[in-house]
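Peer 1: Show me how the following folds:
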Amino acid sequence: MSGPKAMSLRFPDPAQRAAIEAAARQEGVSLQEYILSAAYARATAVEKRFLDAFGESMACSGEAFSEEAGAADPSRDQRAAELQARRELEEQRERGHAA
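Peer 2: Numbers count the residues shown, from 1 in each chain. Take a look at the predicted model:
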């Protein structure tokens, strides 16, 4: 089995390649390592931003559901009224189909 292969780094813009090479030299790392580190940093920044936004969304949703806790568990009277309204609607539909 062969060893690890080097990355193929092709830059259409020679000035871009020179700028990246200079940045890598300044950091004291290889061009490949510099590019991989930058890609990893960007990916983790995107992940952090996603997780932060997800956390904010969860907090907002949690607040919304906690404020409406009473609506999720209606009182016995409210439930009876809803069932009665449903029966009345079903009776109206049946009468409409019979006509």
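
Peer 1: Can you pull the domain assignment for this protein?
Peer 2: Taking automatic domain parsing as the reference, the chain has its domains at 11-67, 74-99.

Peer 1: burial measure for E33, as a count.
Peer 2: By the criterion of other C-beta atoms under 10 Å, E33 has 13 neighbours. C-beta: built from backbone N, CA, C; applies to glycine.

Peer 1: Could you say which helix or strand holds it?
Peer 2: Secondary structure from DSSP states H and E places E33 in helix 31-67.

Peer 1: That helix: how far from the chain's middle?
Peer 2: 8 Å (C-alpha atoms, centre = their mean, to the nearest Å).

Peer 1: quick revisit: deepest-packed of the domains of the chain, please.
Peer 2: domain 11-67 (a mean of 11; mean count of other C-beta atoms under 10 Å).

Peer 1: in terms of contact, does E27 touch A38 like I think?
Peer 2: No - here E27 does not reach A38: they are 9.9 Å apart, not a contact under C-beta atoms under 8 Å.

Peer 1: Let me see the mean pLDDT of the host helix or strand of Q26.
Peer 2: When elements are assigned from DSSP H and E, Q26 belongs to helix 14-27. Averaging pLDDT along helix 14-27 yields 92.

Peer 1: Dump it to PDB, restricted to CA.
Peer 2: C-alpha atoms of helix 14-27 as PDB (Å, rounded to 0.1, in the frame of the first residue of the first chain):
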ATOM      1  CA  PRO A  14      -0.600  33.500  -9.600                       C
ATOM      2  CA  ALA A  15      -1.100  36.500  -7.300                       C
ATOM      3  CA  GLN A  16      -3.500  34.500  -5.100                       C
ATOM      4  CA  ARG A  17      -1.000  31.600  -4.800                       C
ATOM      5  CA  ALA A  18       1.800  34.000  -3.900                       C
ATOM      6  CA  ALA A  19      -0.300  35.700  -1.200                       C
ATOM      7  CA  ILE A  20      -1.200  32.300   0.300                       C
ATOM      8  CA  GLU A  21       2.400  31.100   0.200                       C
ATOM      9  CA  ALA A  22       3.500  34.300   1.900                       C
ATOM     10  CA  ALA A  23       0.900  33.800   4.600                       C
ATOM     11  CA  ALA A  24       1.900  30.200   5.100                       C
ATOM     12  CA  ARG A  25       5.600  31.200   5.400                       C
ATOM     13  CA  GLN A  26       4.700  33.900   7.900                       C
ATOM     14  CA  GLU A  27       2.900  31.300  10.000                       C
END
